[in-house]
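Asker: heads up, no residue letters with this:
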């Protein structure tokens, strides 16, 4: 089997971060989190049921009480993990989904905060996921706090950020400090590059670990069952992935 | 057509009290209020739709959001009229559905307050209906206020009692005073009897009016369409009524 | 009695709070005998929003410490004899409520909030006898008192429904108070008339009336499992049987004799 | 354009608040053009809980004063160009919310209460920019701040659904936010794919997914009336068309050109 593609390493990392969850929800246009959750479900098959809700999907929607039910289930403690992106994410894990500049008349307007100002408080394992790793996204201080990374003592909060995954690296979040610690660097990237691309200060080992590549069994599950499942909901993403795999095989085959 | 039965006068009085409503709800074991509402609907046929909800009925239930929907619709202002009984009703229109004696260890326990503590506040036209007219029921002061007849200024209240109908008489409720005024006495009863049977003081004309008997057209509608409709939900009540009508016809026929 | 019903009953431990539906919504009468045989006592019953035969039987069996309800009655068959007797004797604690307050408490649990406001109630002895409720001034208006009902989070919800599928999804139709109970409760035990092979979530028509398996802890089949109550769309109440119970249960002895022959499902003659 | 759609649009008067559903729940795109031709402006849009193409078009047409929403976007087709532009220009007032806060506001209206509490929000700029929201100390616990969302009572709710019957009952399936909108709103206008002869309340299966006529002011048939959005269980989104709109509407001129050809229902080629 050919080596893992960068996106495959991300998906396997997501599946790792979801270890032990019973119920994970992903947003409507989030093929990689969905793939990670599907891989988690495939890995746990026969041991533990993993429920996956994809917002706006008819196929992966087991809710029957309208769009409020996801939030209700989070409030009941029935949602273990969720993904948040963010136009800006800062070193305190504050997330900005609203815009750049002075609110309300921002220079750049993004769609809005969606459910973040609630789910960030109520879902125990929120994974910040943004492929773009640049000083534009990972800022020192967000322009607008859609959802704060931490809360003052006494504020009801059963959830929050546990990790930040980008196209270059994986960070863990320490809410006591609060701040991010570089956990591992993806293959093909290094600490200097990450330092330059990150607009906030973070802790790190002198020589950070490399993000592990998936083993053959995992990779085979991913390229088989998971890719098939994913194609039902994200056909375009799945097709591109398949074509990249085909190219990889062609490159690899002469050797 | 034979003269109106006492229960027919009550039903026609209920229909009169419901003049102008769009949506009326009745409890599960309330054949007379239901008949009154059905008569109202029949009388308004072609002019105004009258919706009737019978709690616990499958046939007369157009709700689809469980048993909370009745209360929600009242809160939204979509329920115009409702009936309340009461083990005790006092001169301030306070209603007791809980029991006689010192709460909580009452000597006589009734089922409980049901929705009264809410609907009495939120349904504009609440009709107190209790066939038994005795000092045991119509008391000076209830032992337990399931729902108060009036509220202090500033308390949110869009509804309340408008009338009290018993087997002997019809009272109107004046919330400003507050208190009941005898509006009319049913055929076969008189003021002295009503005074003796009523445990609270009430206003009355020197010679109170008689509760009007229904005209022939109304009576014919009642004994035709309404009785047929009623038989679907309250078969025992309808059968007894039919047998009383048959007896009346037999008695009347020799003359 | 079926073993799966016994297994479900074992999930109830002494002192737990149990949410039980109104008589016409789908009472799991089939679970009554297993619960009594299991014998977990000191229960806190939450009637959604009123109670009937099942509540009366659990009280008569001595398993109940507290009843939180808007009413307990046998409907056409009259008052609930064991409940009424227990109140008079002071054997149970009664938390009198009003129907929408029970719904509000469950909705607060469903929404994951500590309370829900409710109109009405002010000036009633229902409110006066609920020190666990509060009245505050509506922060959005001047001098507008409003009652707050704290979240009701039952340990276990128990009900009966027409069908479930093999994944544990349960068809509740328009009886959405059953969903409300399940959302609010930690565990939900369901008996059903039948178990179907196709997924209830597979088409939009059945999905519309389905409580997802996410909220369902266990399902067991119990044909005519609401008897002597009826089940909407399935069968009518057996009023004669309710009358028979009402007459028998007027005394503790009569209750015991009735219960000796009560299986909790209609047994073909 | 059908006369009944025009008649429904006329129920909207200047300055009203309109509740509109999320793109996948059943957007009545068929009502968009009648609303624009009718021209009632100064509207307050309540997106339940997010907005998309319809919101962008109403803004582009200059009918909107305020947008209350958790987000506005065209999904896969990217940002909502007329919305984004109007925000940058300061042409509309934006009331940024979070999804469950919109649901809470509607639920408060459904329950007839002045507010609902909600967890989360504290410390966010969403809350900081909503002076119409409040934070109180939870009266049931010590030092536990909790946010309160006031009731949202839209003047008119507008959505699209698969079917209605001749009595005005509307089948909404499991998209219960459509019911929530209708409960909360004073009037509800519905377009449907088809009108059926049998009553949707006549059997428990269809009744489970039905919004009763009590909450419905008017119904009109509009086949493929959600296009270019999809309708669950009926047809998929037309992403190419959404992309076409997104590209055109980047400028006011492009928007005007696009709208000149937009009927609001898919016209067979």
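Answerer: Happy to help now that I have it. All of these numbers come straight from a predicted model, not from anything done at the bench. Numbering: from 1, shown residues only, chains lettered A, B, ... in the order given.

Asker: only C-alpha atoms for contact and neighbour calcs from this point on.
Answerer: OK.

Asker: and whichever residue of chain C sits closest to chain A, what does it touch?
Answerer: Using C-alpha to the nearest C-alpha, the point where chain C gets nearest to chain A is residue C:112, with a distance of 4.1 Å. Applying C-alpha atoms under 8 Å, 6 or more residues apart in numbering or on different chains to residue C:112 gives the contacts A:72, A:74-76, D:118-119.

Asker: Return the subset of those lying in helices.
Answerer: With DSSP state H as the criterion, helices contain A:72, A:74-75 from among these.

Asker: Which one of these sits in the busiest neighbourhood?
Answerer: Ranked by neighbour count (other C-alpha atoms under 10 Å in any protein chain shown), those have residue A:74 at the top, with 27 neighbours.

Asker: follow-up on the earlier one: filter the ones in helices among the contacts of residue C:112 by proximity to chain D?
Answerer: Counting by C-alpha under 8 Å from any C-alpha of the partner chain, residue A:75 from the ones in helices among the contacts of residue C:112 sit close to chain D.

Asker: which of the ones in helices among the contacts of residue C:112 lies closest to residue D:19?
Answerer: Minimum separation from residue D:19 among the ones in helices among the contacts of residue C:112 (C-alpha to C-alpha) is found for residue A:72, which lies at 20.8 Å.

Asker: Pull the contacting residues for that closest one.
Answerer: C:110-112.

Asker: want to throw those residues into a markdown table with pLDDT and secondary structure?
Answerer: Conversion of these to a markdown table gives the following (pLDDT from 0 to 100; DSSP: H, G, I helix; E, B strand; the rest coil):
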| residue | pLDDT | secondary structure |
| --- | --- | --- |
| C:110 | 98 | helix |
| C:111 | 98 | helix |
| C:112 | 98 | coil |
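
Asker: Show me the strands in the chain, by range?
Answerer: Unless you meant another one, I'm taking chain A. A:23-26, A:51-54, A:81-84, A:88-90, A:95-96, A:99-100, A:108-109, A:125-129, A:138-139, A:161-165, A:169-174, A:179-185, A:209-210 (DSSP state E).

Asker: Chain C is the one I meant
Answerer: Taking DSSP E as the criterion, chain C contains strands spanning C:17-21, C:43-48, C:64-69, C:93-96, C:115-118, C:134-137, C:145-150, C:156-165, C:170-171, C:187-196, C:210-211, C:218-221.

Asker: residue ranges of the helices in chain C, please?
Answerer: Secondary structure of chain C (DSSP H): helices located at C:3-9, C:32-38, C:53-60, C:81-89, C:99-111, C:125-128, C:176-184, C:204-207, C:239-248, C:252-260.

Asker: Switch those over to TSV; also include distance to chain B and mean neighbour count.
Answerer: Below are the helices of chain C laid out as TSV (distance: least, C-alpha to the nearest C-alpha, whole Å; neighbours: other C-alpha atoms under 10 Å in any protein chain shown):
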stretch	distance to chain B	mean neighbour count
helix C:3-9	25	18
helix C:32-38	21	20
helix C:53-60	12	25
helix C:81-89	5	22
helix C:99-111	5	26
helix C:125-128	5	20
helix C:176-184	4	27
helix C:204-207	14	22
helix C:239-248	12	17
helix C:252-260	17	15
